[in-house]
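> Sequence plus predicted model, see below.
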Amino acid sequence: MKAPSIKTLQREFENDYFMYIPLTIILNSCIGSIAAMTVLAQGTTLLSGIELTLCVSLCMGYNAALLAGSNRKFAFWLLAVSLLVNMLLILITLL
């Protein structure tokens, strides 16, 4: 089985946009809340505050982009960046 490319994923997201809206809001919110929980489990330092701000800003930015009806391509890339950064925050804080 061949792994899907970014262009294939983007095209599918744009074609089935209204189907992916609720699914990606739930996915992004769950991953973001896990990232926020792992960041806050480390304690309250300046670095954890910056990490938490980044996590919350990306999750809220994606939700706001959907509510504002922004470009589908922009929403896809914002989702990708948000998921990537939140997954990296989870990995960094757990290691």
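In hand now; what should we look at?
> going forward, measure contacts between C-alpha atoms and count neighbours the same way
Noted.
> Scan this protein for its longest helix.
In the chain, assigned by DSSP state H, the helix with the most residues is helix 17-41.
> tell me what the next helix or strand after it is packed against?
Toward the C-terminus, helix 17-41 is succeeded by helix 46-68 as the next helix or strand (DSSP states H and E). Applying 3 or more C-alpha pairs under 8 Å, 6 or more residues apart in numbering; DSSP states H and E, one finds that helix 46-68 contacts helix 17-41, helix 72-94.
> Give the burial count for residue 36, as a bare number.
22 (other C-alpha atoms under 10 Å).
> Ranking helices and strands of this protein by mean pLDDT, which lands last?
Lowest on mean pLDDT, DSSP states H and E among the helices and strands of the chain sits helix 6-15, with a mean of 90.
> ok and it relative to helix 72-94, angle-wise?
Angle, helix 6-15 to helix 72-94, by axes from the mean of the first three to the mean of the last three C-alpha atoms, to 10 degrees: 120 degrees.
> Quick check: buried residues in helix 6-15?
Residues 10, 13, 14 are the ones in helix 6-15 that count as buried (16 or more other C-alpha atoms under 10 Å).
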